[in-house]
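Undergrad: got a predicted structure here, sequence first:
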Amino acid sequence: MLEVESEIIHGQKLGSRMGFPTANMDIAGRDDIPNGVYRSVVEVDGVEYTAMSNVGVRPSVDGKTRLLETHLFGYDGDLYGRRLKVRLCERIRDERKFASVDELKAQLERDSIKILSM
């Protein structure tokens, strides 16, 4: 299991617009983490949340910077500026480019179903 601990930074807010708001972390220098989508776990204020994380450059939205983006299932709050630890438990697929935001959203919905059933 890989862990990343860092401060949450602002992103493009695309995840929120698709119904999957993410906590974003700069992972410069973390070449030990393969790009892809992961089932993950994040603890916030003593509560553990199952999460869905993406490591990579977000090719579907012309991303350039490699980030860790994490959606916490069941969490509703502001994490900007907080320091969190994300435990990447299981890699479920490669990061890939989608033809449209709608196609990406549909894949995120499938990924979330898979992660929540694990």
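TA: Here it is on my side, so go on.
Undergrad: helices of this protein, start to end?
TA: 14-17, 101-116 (DSSP state H).
Undergrad: can I get these in JSON lines including mean pLDDT?
TA: Output for these, formatted as JSON lines (pLDDT from 0 to 100):
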{"stretch": "helix 14-17", "mean pLDDT": "79"}
{"stretch": "helix 101-116", "mean pLDDT": "96"}
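Undergrad: quick one: which of those helices is nearest Leu68?
TA: Nearest to Leu68, of all the helices of the chain, is helix 14-17, at 12.4 Å by Cβ to Cβ. Any C-beta I mention is one placed from the backbone N, CA and C, and that applies to glycine too.
Undergrad: tell me the buried residues in that closest one?
TA: Under the neighbour-count criterion of 16 or more other Cβ atoms under 10 Å, helix 14-17 has Leu14, Gly15 buried.
Undergrad: among the helices of the chain, which is nearest His71?
TA: That would be helix 14-17 among the helices of the chain, by Cβ to Cβ, at 6.5 Å.
Undergrad: which among the helices of the chain is found nearest to Val47?
TA: Ranking these by proximity to Val47 (Cβ to Cβ) places helix 101-116 first, at 16.5 Å.
Undergrad: just checking, what packs against that closest one?
TA: With contacts defined as 3 or more Cβ pairs under 8 Å, 6 or more residues apart in numbering; DSSP states H and E, helix 101-116 has these neighbours: strand 47-56, strand 83-93.
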